[in-house]
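A.B. asks: just coords:
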């Protein structure tokens, strides 16, 4: 036991109590603006957690820090047990990222793109893995075409292939179905669900599609102005805010119509009870 602990510390791998992501006191300041302002959260292994908030809430900055693309101003990040400040290379090969806002090199063919990313992720027997994905995602007819010539739907399938190329334990998704028609979006969501069931992978999803979040997410983290303002299961949040769906909850939080916590309600009651009747009359 002590030997195992010593090995973990030396290799910058820390026990995270079953969490795929463990974030503590995370803060990122650009100039005088705190894009992410001291957030802490955990994502359980094998779960799908949604990171929600309006534009500028800090979602993309948070994901960028989880990927190691942006260095935090302060705070700690552990991904798959790895301290991302000290040894992010130990985690990067075990995770992947997908966003329709990030284009693959347009002049490379689909096959060439997958070869590049496969090598970056250290995928073994890469030709066989590309053939497997081509069959699974129906890439065969355009596998040797330049990525820049593909339709939106074809690019979506290639993006999925890139996201699955290394069979990641953790998938970070930023608006994965943005701008897709309902049929294609449903097809994409189904592939993520199937992959999670088959592999036991963990998914962190940033999305503005509340129906998508209600369908996929086990847990929701709500952000506003760089801070976490609430979290829970979709059903728990809907019930807590007395709303019909998660979209209405999202609007309440984005417009600062947040339900007070039990602690806040209790403090308000205590304050009212502490008012002296003579003071109240004087007011």
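C.D. replies: That came through, no problem. None of these values were measured; they are calculated from a predicted model.
A.B. asks: gap between stretch 185-201 and the chain center?
C.D. replies: 15 Å (Cα atoms, centre = their mean, to the nearest Å).
A.B. asks: Flag every buried residue along that stretch.
C.D. replies: 185, 187, 188, 189, 191, 192, 195, 196, 201 (16 or more other Cβ atoms under 10 Å). Quick note: C-beta positions are derived from backbone N, CA and C, even for glycine.
A.B. asks: Just put those in CSV and tack on distance to residue 226, pLDDT and secondary structure.
C.D. replies: Shown next, in CSV, are those (distance: Cβ to Cβ, whole Å; pLDDT from 0 to 100; DSSP: H, G, I helix; E, B strand; the rest coil):
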residue, distance to residue 226, pLDDT, secondary structure
185, 29, 89, helix
187, 34, 90, helix
188, 29, 89, helix
189, 28, 91, helix
191, 32, 92, helix
192, 27, 93, helix
195, 31, 94, helix
196, 29, 94, helix
201, 28, 96, coil
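A.B. asks: and stretch 42-61, how far out from the chain's middle?
C.D. replies: That offset, for stretch 42-61, works out to 4 Å (Cα atoms, centre = their mean).
A.B. asks: Give me the nearest residue to residue 42, chain neighbours excluded.
C.D. replies: With Cβ to Cβ, 6 or more residues apart in numbering as the criterion, residue 42 has its nearest non-adjacent residue at 4.5 Å, and that residue is residue 19.
A.B. asks: doesn't residue 47 make contact with the one you found?
C.D. replies: No: applying Cβ atoms under 8 Å as the test, residue 19 and residue 47 come out as separate, 9.4 Å apart.
A.B. asks: Residue 156 belongs to a helix, doesn't it?
C.D. replies: Yes: assessed with DSSP: H, G, I helix; E, B strand; the rest coil, residue 156 lies in a helix.
A.B. asks: That one: neighbouring residues, count only.
C.D. replies: 23 (other Cβ atoms under 10 Å).
A.B. asks: what does the strand or helix carrying residue 112 rub up against?
C.D. replies: Using DSSP states H and E, residue 112 sits in helix 110-120. For helix 110-120, contacts defined as Cβ atoms under 8 Å, 6 or more residues apart in numbering pick out 104-105, 108, 126, 129-130, 133, 139, 142-145, 147, 150, 158, 161-162, 165-166.
A.B. asks: Can you give the strand pairings for the one helix or strand residue 27 maps to, parallel or anti for each?
C.D. replies: Using DSSP H and E, residue 27 sits in strand 19-30. The strands beside strand 19-30 in its sheet (DSSP bridges) come out as strand 33-44 (antiparallel), strand 74-79 (antiparallel).
A.B. asks: So which bits of it are buried?
C.D. replies: Result for strand 19-30 [16+ other Cβ under 10 Å]: buried residues 19, 20, 21, 22, 23, 26, 27, 28.
A.B. asks: Check stretch 90-104 too.
C.D. replies: Neighbour counts over stretch 90-104 (16+ other Cβ under 10 Å) mark 90, 91, 92, 94, 95, 96, 97, 98, 99, 100, 104 as buried.
A.B. asks: measure stretch 40-50 end to end?
C.D. replies: End-to-end span of stretch 40-50 (Cα to Cα, to the nearest Å): 15 Å.
A.B. asks: outside of that stretch, which residues touch it?
C.D. replies: 16, 18-26, 196, 200-207, 213, 216-221, 228, 231.
A.B. asks: Next: stretch 52-66.
C.D. replies: 21, 23, 26, 28, 35-37, 39, 51, 70-72, 77, 79, 84, 97, 172, 174, 204, 206-208, 213, 220-227, 250, 253-254.
A.B. asks: ok, now stretch 217-234?
C.D. replies: Contacts for stretch 217-234 (Cβ under 8 Å, 6+ apart): 34-41, 43-44, 47-54, 56-59, 62, 205, 213-214, 237, 240, 246, 249-250, 253-254, 256, 258-259.
A.B. asks: confidence score at residue 13?
C.D. replies: You'll see residue 13 listed with a pLDDT of 47.
A.B. asks: same question but for residue 260, I mixed them up
C.D. replies: 52.
A.B. asks: Then the one 5 residues further on?
C.D. replies: With respect to pLDDT, residue 265 scores 52.
A.B. asks: what do you get for the one 3 residues further on?
C.D. replies: For residue 268, the model assigns a pLDDT of 47.
A.B. asks: same question for the strand or helix carrying residue 65, mean pLDDT?
C.D. replies: Taking DSSP H and E as the definition, residue 65 sits inside helix 59-66. Mean per-residue pLDDT for helix 59-66: 94.
A.B. asks: Nothing else from me, thank you.
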